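Asks: Sequence and predicted structure, then a few things I'm wondering about:
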Amino acid sequence: MKLFTAAFILFITLATQLQAQDGLSSSLVEKIRKASVEIVIQRQLRGGGAFVKNSRGQLFILTAAHLFHSPRDTSVIVTHDGRSYFASLSAYDLGHDLAILEVDPEANMYGSLSIAKSIPAETSAVYNFGPALRRRTLVIPGHVSDSRTSFTDFTSSQGYLEHYFVSGINPVMTSGGIWVNRSGEIVGIQHGRLLADKGSSGLSMVSAPKASTALIESNQIASTPALGGYVWEIWSADRSLLDELPINAEGLYVNPVFKNGPLARSGLKAFDVIVSCDGIPVRRRHQLLEIIRSKPAGSSFTFEVVSPGAQGRRPVAFLSGSLEQAWK
């Protein structure tokens, strides 16, 4: 009988531990919900955010920059218990689609959340807190599907969002909502859903936690190096373009080129192919963007370019721009 009792107690203990590992505890969910807010801009609910502090104890709301139509927008944050506070945009980083808002110090009563030091390992469980479908803060589970840095064209800033991927269906209104790990640390901000040919692919774009920490600590508007257009892997091009390029051409074709942007000023036109940057071959988007973003905005580079219908390669001098400078 004693052996049975001991075995039963062990079974219950293991089951409880497994259940705890399967999700967040109710006390942790309550803490995170208390620190989460809704963001209302021009009387419209736009998304979510959360209270955070920097190392100097300054209180901010961390959210997504694309919720704002312009940096002059004013906003109201709504807490879990229905209180409203005016909040003003303090700093932003369009390369990671992040914004921090200044808020009344009275909001200290809601606590704040800490930010993780790194992106969770692949397959790690993470949880999104946000006003999905305009409902009260929901908890949506997901898993890290790629912890490597990726770059996705982002229409709100006419530039590239640097992020990692989380698998999980995120409906509208989750933008700006926080992703947390099992310890309740913020591991990123929800920005959008990667789209497939027929709708959402089930992959969410989430900023790296170090980008949030950098913005909160500096409290300064970032200056993200910009291309002034979008680039695509050559194997994704239409057959008609491939037929106009040399058989051995490998690189990134440009489309579109934004008027008066850095690519346009360098003389590149739509469907030109960038083969290398500063002598380094670039066959995938992240290879080019990692080089461009390794230097401050306004830095110079040399592209090797092939144009449709031409056989030779030519050097092109390129000077990067700034995403934030163009945001008005």
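Replies: Sure thing, it's come through. Numbering: from 1, shown residues only.
Asks: Against residue 102, how distant is the nearest residue to residue 159 once chain neighbours are set aside?
Replies: Counting by C-beta to C-beta, 6 or more residues apart in numbering, residue 159 lies nearest to residue 323, which is 4.4 Å off, once chain neighbours are set aside. (C-beta placed from N, C-alpha, C; glycine too.) According to C-beta to C-beta, to the nearest Å, residue 323 and residue 102 sit 22 Å apart.
Asks: When these two are compared, which one has more neighbours?
Replies: Each of residue 323 and residue 102 has its neighbours counted (other C-beta atoms under 10 Å); residue 323 has more, 27 against 16.
Asks: check contacts around the residue most central in space within the chain.
Replies: Nearest to the mean C-alpha position of the chain, counting by C-alpha atoms, centre = their mean, stands residue 207 at 3.4 Å. Neighbour list for residue 207: 96-98, 161-163, 188-189, 191 [criterion: C-beta atoms under 8 Å, 6 or more residues apart in numbering].
Asks: rerun that using 7 Å as the cut-off
Replies: Shown in contact with residue 207 (C-beta atoms under 7 Å, 6 or more residues apart in numbering): 96-98, 163, 188-189, 191.
Asks: what's the closest of those to residue 24?
Replies: residue 188 (16.2 Å; C-beta to C-beta).
Asks: For beta bridges, what are the partners of that closest one?
Replies: In this entry, residue 188 is beta-bridged to residue 179, by DSSP bridges.
Asks: And it, how far from residue 211?
Replies: Distance of residue 188 to residue 211, given as C-beta to C-beta: 8 Å.
Asks: Check residue 136 too.
Replies: Taking C-beta to C-beta, one finds residue 136 at 28 Å from residue 211.
Asks: So the two - more neighbours on which side?
Replies: The neighbour count for residue 136 versus residue 211, taken as other C-beta under 10 Å, is higher for residue 211 (20 against 11).
Asks: quick one: contacts for the more buried one?
Replies: Applying C-beta under 7 Å, 6+ apart to residue 211 gives the contacts 93, 96, 98.
Asks: which one of these has the most neighbours?
Replies: Comparing the contacts of residue 211 on neighbour count, residue 98 comes out first with 26 neighbours (neighbours: other C-beta under 10 Å).
Asks: Am I right that it is in contact with residue 65?
Replies: Yes. Between residue 98 and residue 65 a contact is recorded at 5.8 Å, counting by C-beta atoms under 7 Å.
Asks: list residues touching both of those two?
Replies: Jointly contacting residue 98 and residue 65 under the rule C-beta under 7 Å, 6+ apart are residue 92.
Asks: so where is this protein shaky, pLDDT-wise?
Replies: Within the chain, the ranges that satisfy pLDDT under 70 run 1-22, 169, 196-201.
Asks: Would you mind giving the domain segments of it?
Replies: As recorded under automatic domain parsing, the domains making up the chain are 36-110, 125-218, 225-326.
Asks: I'd like those as JSON lines, with distance to residue 118 appended.
Replies: Listed next are the domains of the chain as JSON lines, based on distance: least, C-beta to C-beta, whole Å:
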{"stretch": "domain 36-110", "distance to residue 118": "15"}
{"stretch": "domain 125-218", "distance to residue 118": "7"}
{"stretch": "domain 225-326", "distance to residue 118": "18"}
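Asks: what about residue 66, distance to residue 243?
Replies: On the measure of C-beta to C-beta, residue 66 and residue 243 end up 37 Å apart.
Asks: brain fart, residue 27
Replies: Distance of residue 27 to residue 243, computed by C-beta to C-beta: 62 Å.
Asks: Each with direction, which strands does the top strand by length along the chain pair with?
Replies: What stands out as the longest strand in the chain, according to DSSP state E, is strand 138-154. Strand 138-154 has its sheet partners listed here by DSSP bridges as strand 125-130 (antiparallel), strand 159-167 (antiparallel).
Asks: Mind putting these into a markdown table with distance to residue 328?
Replies: Below are those laid out as a markdown table (distance: least, C-beta to C-beta, whole Å):
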| stretch | distance to residue 328 |
| --- | --- |
| strand 125-130 | 28 |
| strand 159-167 | 14 |
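Asks: Confirm for me that residue 147 is in contact with residue 163.
Replies: No. Assessed by C-beta under 7 Å, residue 147 is found out of contact with residue 163, at 10.9 Å.
Asks: the more surrounded of the two?
Replies: residue 163 (27 against 16).
Asks: Could you find the closest non-adjacent residue to residue 269?
Replies: Here the residue nearest residue 269, using C-beta to C-beta, 6+ apart, is residue 257, at 6.2 Å.
Asks: That neighbour: what's it in contact with?
Replies: Shown in contact with residue 257 (C-beta under 7 Å, 6+ apart): 229, 263-264, 268-270.
Asks: Helices - which of those land there?
Replies: If you go by DSSP state H, the contacts of residue 257 have 263-264 in helices.
Asks: closest to residue 327 among the contacts of residue 257?
Replies: Among the contacts of residue 257, and counting by C-beta to C-beta, the member closest to residue 327 is residue 229, at 16.7 Å.
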